[in-house]
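>>> have a look at this fold, sequence not included:
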């Protein structure tokens with residue numbers, strides 16, 4: 001499976017559509033009835049909220065309780081929020097707002113960074129290269145931070161003028177947090193505390209940022225900002241819009257609309273950790289709804305294995321009673337699926353599952 005170097009059709013920026021269409025969205029963005037958002041999907045439920053500061057409290061009982069909370073969230077939810085994570089709230093706000101400023105730069109500034117499906121890096125408006133596909137109501141910006149040989153500052157926007165400085169600082173902090181959570185997950189799985197980090201490539205991990213811009217949508221009941229999918233990588237740190245909810249997480253047969261805690265990161269397990277844990281930890285489908293009154297900006301940071309390493313279940317988590325559920329595959333091979341077909345629920349992991 002090879003990724004084409006060009007999009008199958010001319011790219012139309014959703015932000016421009018939002019500004020020009022008054023009360024009706026183009027048919028290309030109308031989801032089939034079974035995929036449309038449900039207003040009744042919220043209720044009072046929310047994903048777990050975990051205070052990571054308790055790990056450093058000096059109280060062993062609180063530390064063990066926090067470790068259990070992370071373990072249960074990874075096993076039962078695939079999603080959780082973390083607070084007291086060590087990233088300064090002011091830095092989180094600056095990171096979100098500098099990208100909001102970018103999406104309100106003149107179109108010619110943004111177009112100078114237009115991306116292609118070869119790497120997805122830059123300013124984009126679609127996932128997948130299937131001609132005639134139903135599209136999502138969003139634009140985005142995708143860039144690489146790690147490994148260093150993929151970090152190309154020429155592909156990082158030069159406007160706003162402070163964007164590169166802010167995102168470099170923000171990236172350093174998120175990568176630090178990713179390493180800390182991998183230690184916690186390794187301990188909870190009964191592995192050496194450095195197991196998952198080493199399986200990801202040690203210091204040579206991948207880290208990339210997708211900034212999502214969801215413009216106002218005149219028919220939010222017919223569209224999605226991002227279709228249902230599980231993340232193909234290792235672990236994702238989402239910095240949500242503080243004022244506009246939009247992320248929905250699959251729970252049983254329904255969907256929960258996540259209510260972000262102030263200055264929390266929303267963390268979710270990606271497919272690669274599901275594979276490494278032999279499905280003890282679960283990646284979970286999620287999607288994004290849009291609304292007619294407000295735009296929304298979020299930053300999804302993907303903490304991924306080194307792209308050419310073979311990813312497979314940890315030997316310690318494989319037994320005659322629980323054989324390896326997935327064949328070995330590099331992350332580069334794995335992510336070609338979503339880059340070619342676009343978001344398709346959890347169909348990729350289901351297709352890869354080893355016959356038992």
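Sure, I can see it. Please read all numbers here as calculations on a predicted model, not as lab measurements.

>>> what ranges does the protein have for its strands?
49-51, 79-83, 122-124, 139-146, 206-214, 226-229, 235-239, 247-251, 254-257, 265-269, 286-288, 296-304, 310-311, 329-330 (DSSP state E).

>>> in TSV, list those along with distance to residue 61 and mean pLDDT.
To be clear about C-beta, it is placed using only N, CA and C from the backbone, and glycine gets the same treatment. Formatted as TSV, those follow (distance: least, Cβ to Cβ, whole Å; pLDDT from 0 to 100):
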stretch	distance to residue 61	mean pLDDT
strand 49-51	14	98
strand 79-83	20	98
strand 122-124	47	97
strand 139-146	36	97
strand 206-214	34	98
strand 226-229	38	95
strand 235-239	27	98
strand 247-251	30	95
strand 254-257	30	92
strand 265-269	23	98
strand 286-288	33	96
strand 296-304	29	98
strand 310-311	35	94
strand 329-330	41	92
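
>>> wait, which of those strands is closest to residue 180?
strand 79-83 (9.9 Å; Cβ to Cβ).

>>> given that closest one, what are its sheet partners and their directions?
strand 49-51 (parallel), strand 265-269 (antiparallel) (DSSP bridges).

>>> can you list the residues that contact the longest one?
When you say that, I think you mean strand 265-269. The contact list for strand 265-269 (Cβ atoms under 8 Å, 6 or more residues apart in numbering) reads 47, 74, 78-82, 85, 87, 177, 181, 231, 235-240, 247, 249, 258, 260, 281-284, 286.

>>> again, but for the first one
By Cβ under 8 Å, 6+ apart, the residues outside strand 49-51 that reach it are 66, 69-70, 73, 80-84, 261, 264.

>>> tell me the one of those residues nearest residue 109?
Closest to residue 109, out of all of the contacts of strand 49-51 and judged by Cβ to Cβ, is residue 264, at 31.5 Å.

>>> check contacts around residue 105.
Applying Cβ under 8 Å, 6+ apart to residue 105 gives the contacts 157, 159-160.

>>> which of the residues you listed lies at the shortest distance from residue 193?
Distances from residue 193 to the contacts of residue 105, taken by Cβ to Cβ, are shortest for residue 157, at 37.6 Å.

>>> excluding chain neighbours, what is closest to residue 264?
Among residues not flanking residue 264 along the chain, residue 81 sits closest, at 4.2 Å (Cβ to Cβ, 6 or more residues apart in numbering).

>>> right, and the one you found touches residue 263 too?
No: between residue 81 and residue 263 there is no contact under Cβ atoms under 8 Å: 10.2 Å.

>>> in the lengthiest helix in the chain, what counts as buried?
If you go by DSSP state H, the chain has its longest helix at helix 163-188. Applying a neighbour-count criterion of 16 or more other Cβ atoms under 10 Å, the buried positions in helix 163-188 are 163, 166-167, 170-171, 173-175, 177-178, 181-182, 184-188.

>>> how about stretch 99-117?
Those would be 99, 102-103, 110, 113, 115-117, for stretch 99-117 by 16+ other Cβ under 10 Å.

>>> neighbours around residue 68, how many?
Neighbours of residue 68 under the rule other Cβ atoms under 10 Å: 11.

>>> what about the residue sitting furthest away from the middle of the chain, distance to residue 160?
No residue in the chain sits farther from the centre than residue 320, which is 33.6 Å out by Cα atoms, centre = their mean. Per Cβ to Cβ, to the nearest Å, residue 320 is found 57 Å from residue 160.

>>> do the same with residue 53
32 Å.

>>> who's more crowded, these two?
In this view residue 53 and residue 160 are compared by other Cβ under 10 Å, and residue 160 has more residues nearby, 17 against 14.

>>> test my guess that the more buried one contacts residue 99.
No: contact criterion Cβ under 8 Å: residue 160 and residue 99 do not qualify, at 9.0 Å.

>>> for residue 139, give its distance to residue 318.
Residue 139 is 42 Å from residue 318, by Cβ to Cβ.

>>> tell me which of those two has more neighbours.
residue 139 (24 against 14).

>>> I figured the more buried one hits residue 15, correct?
Yes: taking contacts as Cβ under 8 Å, residue 139 lies within contact range of residue 15: 5.5 Å.

>>> common neighbours of those two, please.
With Cβ under 8 Å, 6+ apart, residue 139 and residue 15 have common neighbours 103, 213, 215.
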